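Colleague: pasting the sequence and the predicted coordinates here, then a few questions.
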Amino acid sequence: MRERTKRPVRFFNTTGPCNPWDHYMLPPADRLMGAQLHRYIRDSLYWVLHAPRQTGKTTFLQSWMREINAGSEAVACYVTIERCQGIAETARSMPNICKAIQECAEAFGLPAPELTTNTPDSMLSNILGNWAKLTAPKPLVVLFDETDVLVDETLISFLRQLRGGFAARGIGIFPTSIALVGMRDLKDYITAAKGGAPVNPGSPFNIKEDSSVITNFTRDDIAHLFAQRAAETGQNISGEALEYVWEQSRGQPWIVNSLFKRATMRVLHEDSRETVTLEHIKEARQQMILARETHLDALAYRLEDLQIRKVLETIMTGEPDPHMAESEGFRLCEDLGMVIRERGTPKVANPIYREVLARQMTDGTQAAIPEPEWRWENPDGTLDMQTLMREFQKFWGKHSEVWEEKSNYSEAFPHLLLMAFLQRVLNGGGQIEREYAAGRGRMDLCVEFRGQTWIIEVKIIHDYETPRGVLEEGLEQIKRYRDRFGNLPAYLVIFDRRTKAKEKPWQERLTWEETAGITVVGG
């Protein structure tokens, strides 16, 4: 590989793996959990690494490869097999995997092996054996990335050929250490390849030593990452800006880098040395969400999966579901980094994901809401929230029944329609902060518009509940929520979803009252 020279001023990277010459980065191996890197080469072990996209897996693999190859212990090569995504037939996939091995070896300046068989179910073992001969007298270490794109017979054949070579592995014979890396743990995609059947002891890859993960950044990691820029340029960042980056990202590496990159190269000019403030990071956040960058767009696309949609709907409504955390859909959401368990409570992983997913879930509805013809601004340009909420109530009474029949979300439909209505009216002039988590029994909104702030709590009355009980609980909850922000104007929106309530005429269902300084809106 050619020698690289470190740039005078590096930048925060959001596209592809990081390298220390061009990008600010932290040692990715420091965030590994459950890994024993010192043993995998020494003791000739095979292992698995899984983590959500853009958390640093590829950066780690290439960094570790460079570290190994700079020493004398072994020869290591990173190999991505993403090109085989969705190819089930081994006759097509195996030649592609072998081609990927050859191309990656050449790209990293390593000897490229020949393929000397035409039989798909022995191609991988053949080319790996030939490769081990080329690297002798050093052992060969292969780091396979994107292994969870393999499906059906391709996956089974891939794993069986690795297991077949495992017993004979050794210098000049077969790779002594192999890592399989992807978003999901190995057992999960073996289960998927078997049509949902659980993994049994006869699994085609029962030889792994560890199943490891890469964690998100800590608060200190985030501070240390920006400190690299401060050291190079003299540009600093305020403490409250750093804390806001942590709050919004919860350490998700791509989000952290994106916020820093936008703040230092778009909100501020890239040559600026002005201190990065909270307002700069807030502007970077808004830009990032509106730009629908690939990472966030890919996350939103996952809502096409019915299992994922069901999990997100349950979390958004706050309804308790004792079986959700045991479901395959929830495990998939965890593997994708969409949800976490915080003190045992399932919730969306961070506030930015909450915003992006909510916008995606309301996007079609928002587009269908006509531009308001009624006056929602006061003469001085401030928001007339009272009028806005009354207009929403009218809209709910007029359209909700028909629109709900066409919605993909039945339980969360009231929440989504309210958010879509608010977003349509504010139309970029304001901001909505959303809080929701499974089991909370509510969704909280904080609406900001030109320096004003309102809080809104959304609750549902189910058939097993009473209006009085839900009202009392809601008033208590919104008071606690309001206490976090100060004495702000507050709205408690209660949708009566009981069967008998739906039989009443709308003039009885739509209510409006003031209680303890809180506006209670019934729908």
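Modeller: Alright, I've got the coordinates. This one's a predicted model, so the numbers in the text were calculated from it and none came from an experiment.
Colleague: could you pull up the mean pLDDT of stretch 94-110?
Modeller: For stretch 94-110, mean pLDDT rounds to 98.
Colleague: and it, how far out from the chain middle?
Modeller: Counting by CA atoms, centre = their mean, to the nearest Å, stretch 94-110 is centred 30 Å from the centre of its parent chain.
Colleague: now the strands for this structure?
Modeller: With DSSP state E, the ranges of strands along the chain come out as 32-33, 46-50, 75-80, 140-145, 177-182, 208-214, 339-342, 345-348, 430-435, 443-449, 452-461, 490-496, 511-515, 518-522.
Colleague: any residues touching stretch 246-260, and which ones?
Modeller: For stretch 246-260, the external contacting residues (CB atoms under 8 Å, 6 or more residues apart in numbering) are 12-14, 24, 53-56, 215-219, 221-222, 225-226, 229, 245, 276, 281, 284-285, 288, 293, 295, 337, 340, 349-353. C-betas here are computed from N, CA, C, even on glycine.
Colleague: helices - which of those land there?
Modeller: Among the contacts of stretch 246-260, DSSP state H puts 219, 221-222, 225-226, 229, 245, 281, 284-285, 288, 295, 351-353 in helices.
Colleague: and the buried ones among those residues, selectable in PyMOL?
Modeller: The buried subset of the ones in helices among the contacts of stretch 246-260, as determined by 16 or more other CB atoms under 10 Å, is captured in PyMOL by this line:
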select buried, resi 221+222+225+226+229+245+281+284+285+288+295+351+352+353
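Colleague: can you name the two of the ones in helices among the contacts of stretch 246-260 that sit furthest apart?
Modeller: 229 and 353 (25.2 Å; CB to CB).
Colleague: for stretch 225-241, output the C-alpha coordinates as CSV.
Modeller: Extracted C-alpha coordinates of stretch 225-241, given in CSV (Å, rounded to 0.1, in the frame of the first residue of the first chain):
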residue,chain,number,x,y,z
LEU,A,225,-13.0,13.7,19.0
PHE,A,226,-13.6,17.5,18.8
ALA,A,227,-10.4,18.1,20.8
GLN,A,228,-8.4,16.8,17.8
ARG,A,229,-9.8,19.7,15.7
ALA,A,230,-9.1,22.1,18.4
ALA,A,231,-5.5,21.0,18.5
GLU,A,232,-5.1,21.3,14.8
THR,A,233,-7.0,24.6,14.2
GLY,A,234,-7.5,26.3,17.5
GLN,A,235,-11.3,26.1,17.0
ASN,A,236,-13.1,25.3,20.3
ILE,A,237,-16.5,24.1,21.2
SER,A,238,-18.7,25.2,24.1
GLY,A,239,-19.5,22.8,26.9
GLU,A,240,-23.3,23.1,26.3
ALA,A,241,-22.8,22.4,22.6
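Colleague: can you tell me what sits against that stretch?
Modeller: 8-10, 12, 24-26, 217, 242, 256-257, 260, 263-264, 272-278, 280-281.
Colleague: next, the buried residues of it.
Modeller: Quick answer for stretch 225-241 (16+ other CB under 10 Å): 225, 226, 228, 229, 233, 235, 237, 241.
Colleague: need those in TSV with pLDDT and distance to residue 402, can you?
Modeller: Converted to TSV, the buried residues of stretch 225-241 look like this (pLDDT from 0 to 100; distance: CB to CB, whole Å):
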residue	pLDDT	distance to residue 402
225	98	50
226	98	50
228	98	55
229	98	53
233	97	57
235	98	54
237	98	50
241	98	46
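Colleague: nearest to residue 523 among these?
Modeller: residue 241 (39.2 Å).
Colleague: quick check: the closest one vs residue 280, distance?
Modeller: 7 Å (CB to CB, to the nearest Å).
Colleague: now the common contact residues for the two.
Modeller: Residues touching both residue 241 and residue 280 (CB under 8 Å, 6+ apart) are residue 263.
Colleague: where does pLDDT dip in the stretch 251-400 of the chain?
Modeller: Within the stretch 251-400 of the chain, no stretch has pLDDT under 70.
Colleague: can you show me the helices along it?
Modeller: Under the criterion DSSP state H, counting those that start in this stretch, helices of the stretch 251-400 of the chain are mapped to 253-262, 278-291, 294-301, 306-317, 328-335, 351-368, 385-406.
Colleague: would you mark the buried spots in the third one?
Modeller: Neighbour counts using 16+ other CB under 10 Å place 295, 296, 299, 300 of helix 294-301 among the buried residues.
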